[in-house]
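> curious how this folds, go ahead:
(2 chains)
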2 protein chains.
Amino acid sequence: MPIPAEAFALSPGDTGTLQSQIQRQVAEGILSGRFRRGEKLPSSRGLAAHLGISRITVTLAYTELLADDYLTARGRSGYYVSDGAPHPSGILPRTRQDRVDWNRALARRFSDSAALRKPPDWRSYRYPFLYGQADPALFDHANWRLCAVRALGTRDFGALTSDAVDGDDAMLVDYLSHRLLPRRGIRADPDEILITMGAQNALWLTSEVLLNARRTAVIEEPGYPGLRDILGQSRCTVLPVPVDDRGLDAEAIPEGVHTVFVTPSHHCPTGITMPRDRRETLLARAASEDFLIVEDDYEFEMSFAAAPLPALKALDTEGRVIHVGSFSKSLFPGLRLGYLVGSAAFIREARALRLAVLRHPPGHVQRTAAHFLSLGHHDAMVRRVSRALHDRRRVLEQAIAAHGLTRAGGGGAYGGSSLWMRAPGRDTEEAAMRLRSAGVLIEPGGAFFSGARPPRDHYRLAYSSISADRIPEGVARIAAALA
Amino acid sequence: MPIPAEAFALSPGDTGTLQSQIQRQVAEGILSGRFRRGEKLPSSRGLAAHLGISRITVTLAYTELLADDYLTARGRSGYYVSDGAPHPSGILPRTRQDRVDWNRALARRFSDSAALRKPPDWRSYRYPFLYGQADPALFDHANWRLCAVRALGTRDFGALTSDAVDGDDAMLVDYLSHRLLPRRGIRADPDEILITMGAQNALWLTSEVLLNARRTAVIEEPGYPGLRDILGQSRCTVLPVPVDDRGLDAEAIPEGVHTVFVTPSHHCPTGITMPRDRRETLLARAASEDFLIVEDDYEFEMSFAAAPLPALKALDTEGRVIHVGSFSKSLFPGLRLGYLVGSAAFIREARALRLAVLRHPPGHVQRTAAHFLSLGHHDAMVRRVSRALHDRRRVLEQAIAAHGLTRAGGGGAYGGSSLWMRAPGRDTEEAAMRLRSAGVLIEPGGAFFSGARPPRDHYRLAYSSISADRIPEGVARIAAALA
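Coordinates of the predicted model:
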């Protein structure tokens, strides 16, 4: 029985090309059993007329399906479902009624996470003062695509497809060792470097390797909420130590702690840069009290207002600093690419844990980044992004001053992509909800604080995903909501 | 001072194009401080003559570097290092002498892993009877590249770049829910599906969510070595239960266990398929004794010798089965893509744990797979690979018979990509080492057994990475080594 042209329809919401829509509908029809082996497809002329598209589009779709042996061509008489086309499975699922007592069955709960949420449709908001997303206007899409295509070539076949077990892409590690890390003042051999699924994964691996229920970790207060989730899993004691206008107060770290987590380049969330003398104090205390330091260097590239200070790891003469880097800010977060730098004895254990948990970050992702970095596109992009952030920052500061909004702390002197704000006496959680309906997204600050009753009057204003021309109106709406 | 053409050299081992080599050398020279702002590059004619390449190649490289503001062009006088080019950091690393007592500092050790190792240069061996790697001859490279390029387009920008927090690619989840899982007889809504970094990551998340030091997990003996690493981390009691010629013996599972890990489609490493009646027995015991089953369905697609049985999850009426799938065998392992299917209460916790550990698999990887699957290329490739494996299997069985080698167990009746072998009285670990120098890679079987003194006379012969024409000579060499 011939398959009628009416079995096909184009859907306006589909993101694929017309050709791929037809291809997919034929494959689906065959795999679901609606189109059977030996049945005749509509003629390319007939289907094109029915769908109101060009005949060549239909022919190209059919030709692709020939190559995959879904269809077969019989001389001039047309296209048929191939005898080699896959059969539908014919297995019918049984009706299922959950009889497991999951409260009892689950060994541990992880779903009370403190992670920051954002509306999935945030791109449709006009004033997204939202942290840590890629901006299509700043991203060097064209060169990224070229590098990705190169990494898909036959020369890079091994890097693309191989099970590397616990290994990393040699080209990416080489770039980090010889090019990127030296610019942070860090000297590291390949066995002191591990590629991770972003900084999140680097922090998690570090926490699992270093901490347990008998150990104490220091975190910054306020600080990165994701880190509290991570440390919770290691069951260690978590000790928040206050941040002042020079970053984490090294003198305030009590005795007997095991590991100190710190963001010296740009403190999260205030943007404060820890000055050189305090870095030295922190390192001296680590040496005298024998603790380790985990340096989350997540945004050092965005230092448009002053040259970045050397990393803590660059000042470390005793191997006490574990350095965490990320490409989420300087490339894009969906890449999930970061790295750990530390003593070989530490990296060996982190690597073995990564092997059990996920093996390795995908080969193609690593090789694409290696090409993009080594051709200099990354540096060029960092400069472009920094210039844009610098502009936006000026506009934002003017708007803030014009509307009398209040900065909190003294952050942002070196750059960064957000400002830490305070609205005394206001509930920013509630204001954020109201602002949503005015097209404005801000981040309430409560999530950055430990403890059961965090202050509710802070918020973060990020300028990495909003264009400069929209900032004044966005700030005006925020001022109105907080008035 | 002009930069001399002699500052450049082509390296024959470099995998990049000539243009990219020049581009990279200029970028490196600038970033390392060897080439300074304002210095004049060699003329395109001079550099081309020095390197013995076409002048247009040099011009194209220079043009790319103009776009990234490494170089600037001054009329007819040539190219100069741009005033906007990045400065080298100038930070000098301090000398480091590790003073941390890492034996004391590390909370846990992970590096005594049982994972199977293979020589990193395995592709250079002529007879690689090696499991689980992609074969360039079978992989549909052209269509994968087309799908990857589509997923790099501006329409898929969000999927490519976004921080999805704990979310998955909607297109990929939709394909699994509506197309792939129904063919295994499985009905699952999106909140019952989680995308993972391969089956390894799926098994790890499951173990962490379900097990702890007070619980017992059953594994197959022999079984997948990576699973023992994973369970070790949860600190549960691990109980190996023997596999007979019908797979895991459901009757031999003692009372009081919490979770049973099983590979019913193709048991690892024997390739045995668990028959329908034993699947029903296993499910009945799970219901009466209230345990959970984790089904690792890692290679069901490779059922070229008989139609695959429905998944255990398809027969599960009580929500007791957690189903693990992988694209490592049907696409390629370097992709690191798999999935978990289970009750929503379980998936919620696995998703929250994945968020803390790594957030989500990279967006581009997920979207590329979604395109490849939905266009039917995956099914076409599975059929192509299955046909090739079928051929290789026939050749392998003939060669084994001709040389009088011994199969172990009754595996492989449904297909698969390896045979489980025995060499009574021989040490296969030692034979494998000797065979390496004869260009042959086999996998000694000891790693698949639990316990301190595993049998040393088993080995696995995989035919997924060796072409049919090399199998007879490879087997002849193995027979000689084991004689």
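> which residues touch A:Met274?
A:246-248, A:262, A:264, A:267, A:282, A:309 (C-beta atoms under 8 Å, 6 or more residues apart in numbering or on different chains). For glycine as for every other residue, the C-beta is placed from the backbone atoms N, C-alpha and C.
> shouldn't it be within a strand?
No: counting by DSSP: H, G, I helix; E, B strand; the rest coil, A:Met274 is not part of a strand but coil.
> for the stretch 251-400 of chain A, give me the ranges with low pLDDT.
Within the stretch 251-400 of chain A, no stretch has pLDDT under 70.
> the helices in it, which residues?
Secondary structure of the stretch 251-400 of chain A (DSSP state H, counting those that start in this stretch): helices at A:276-289, A:312-315, A:344-357, A:363-374, A:377-402.
> TSV for those helices, including mean neighbour count?
Shown next, in TSV, are the helices of the stretch 251-400 of chain A (neighbours: other C-beta atoms under 10 Å in any protein chain shown):
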stretch	mean neighbour count
helix A:276-289	16
helix A:312-315	24
helix A:344-357	23
helix A:363-374	25
helix A:377-402	18
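> out of the ones you listed, nearest to A:Cys236?
Closest approach to A:Cys236 among the helices of the stretch 251-400 of chain A is made by helix A:344-357 (16.0 Å; C-beta to C-beta).
> so which elements touch the closest one?
When contacts are defined as 3 or more C-beta pairs under 8 Å, 6 or more residues apart in numbering or on different chains; DSSP states H and E, helix A:344-357 sits against strand A:193-196, helix A:198-210, strand A:338-341, helix B:102-105, helix B:198-210, helix B:225-234.
> any chance you could give me it in PDB, C-alpha atoms only?
Only the C-alpha atoms of helix A:344-357 are listed here, as PDB (Å, rounded to 0.1, in the frame of the first residue of the first chain):
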ATOM      1  CA  ALA A 344      51.100  14.900  41.900                       C
ATOM      2  CA  ALA A 345      50.100  12.800  44.900                       C
ATOM      3  CA  PHE A 346      46.800  14.700  45.100                       C
ATOM      4  CA  ILE A 347      46.100  14.700  41.400                       C
ATOM      5  CA  ARG A 348      46.700  10.900  41.300                       C
ATOM      6  CA  GLU A 349      43.800  10.400  43.700                       C
ATOM      7  CA  ALA A 350      41.500  13.000  42.100                       C
ATOM      8  CA  ARG A 351      42.200  11.300  38.700                       C
ATOM      9  CA  ALA A 352      41.300   7.800  40.100                       C
ATOM     10  CA  LEU A 353      38.100   9.200  41.600                       C
ATOM     11  CA  ARG A 354      37.200  10.800  38.400                       C
ATOM     12  CA  LEU A 355      37.700   7.500  36.600                       C
ATOM     13  CA  ALA A 356      35.200   5.800  38.800                       C
ATOM     14  CA  VAL A 357      32.700   8.600  38.700                       C
END
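> tell me the angle it makes with helix B:344-357.
160 degrees (axes from the mean of the first three to the mean of the last three C-alpha atoms, to 10 degrees).
> next one: helix A:344-357 to chain centre, how far?
What separates the centre of helix A:344-357 from the centre of its chain is 22 Å, taken as C-alpha atoms, centre = their mean, to the nearest Å.
> contact partners of that helix?
Under C-beta under 8 Å, 6+ apart, the answer for helix A:344-357 is A:165-166, A:189, A:191-194, A:196, A:201, A:205-206, A:208-210, A:322, A:340-342, A:360, B:98, B:102, B:105-106, B:108-113, B:115, B:197, B:200-201, B:204, B:226, B:229-230, B:233, B:357-358.
> quick one, strands of the stretch 51-200 of chain A?
Counting by DSSP state E, counting those that start in this stretch, the stretch 51-200 of chain A has strands at residues A:71-74, A:78-81, A:127-128, A:193-196.
> elements contacting the first one?
For strand A:71-74, the helices and strands in contact under the criterion 3+ C-beta pairs under 8 Å, 6+ apart are helix A:55-67, strand A:78-81.
> ok, the longest one near chain B or not?
Just to be clear, that refers to helix A:55-67. Yes: remark: helix A:55-67 sits within contact range of chain B at A:64-65, A:67, by C-beta under 8 Å from any C-beta of the partner chain.
> let's have those residues in CSV, adding pLDDT.
Converted to CSV, the residues of helix A:55-67 next to chain B look like this (pLDDT from 0 to 100):
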residue, pLDDT
A:Glu64, 87
A:Leu65, 90
A:Ala67, 85
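> which of those count as buried?
Buried residues within those, counting neighbours by 16 or more other C-beta atoms under 10 Å in any protein chain shown: A:64-65.
> got the helices and strands packed on helix A:344-357 as TSV, with mean neighbour count and distance to B:Glu430 columns?
Shown next, in TSV, are the helices and strands packed on helix A:344-357 (neighbours: other C-beta atoms under 10 Å in any protein chain shown; distance: least, C-beta to C-beta, whole Å):
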stretch	mean neighbour count	distance to B:Glu430
strand A:193-196	25	33
helix A:198-210	27	34
strand A:338-341	26	37
helix B:102-105	13	33
helix B:198-210	27	29
helix B:225-234	21	19
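> nearest to A:His87, out of those?
Of all those, helix B:198-210 comes closest under C-beta to C-beta, at 25.5 Å.
> still on that earlier bit, could I get the helices and strands packed on helix A:344-357 as TSV with distance to A:Leu160?
Formatted as TSV, these follow (distance: least, C-beta to C-beta, whole Å):
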stretch	distance to A:Leu160
strand A:193-196	15
helix A:198-210	20
strand A:338-341	20
helix B:102-105	35
helix B:198-210	15
helix B:225-234	22
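> looking at these, which is nearest to B:Ala134?
From the helices and strands packed on helix A:344-357, taking C-beta to C-beta, the stretch that ends up closest is helix B:198-210, at 13.2 Å.
> which strands and helices sit next to the helix or strand following that closest one?
Downstream of helix B:198-210, the next assigned helix or strand under DSSP states H and E is strand B:216-221. The elements that strand B:216-221 packs onto, with contact taken as 3+ C-beta pairs under 8 Å, 6+ apart, are helix B:225-234, strand B:237-244, strand B:247-248, strand B:259-262.
> contacts for strand B:216-221, please.
Contacts for strand B:216-221 (C-beta under 8 Å, 6+ apart): B:207, B:211, B:227-228, B:231, B:234, B:236-243, B:247-248, B:253, B:256-263, B:267-268, B:449-450.
> 7 Å instead?
If you take C-beta atoms under 7 Å, 6 or more residues apart in numbering or on different chains as the criterion, strand B:216-221 is touched by B:211, B:227-228, B:231, B:236-243, B:248, B:253, B:256-263, B:267, B:449-450.
> of the residues you listed, buried ones?
When these are checked against 16+ other C-beta under 10 Å, the ones flagged as buried are B:211, B:227-228, B:231, B:236, B:238-239, B:241, B:243, B:248, B:253, B:257-263, B:267, B:449-450.
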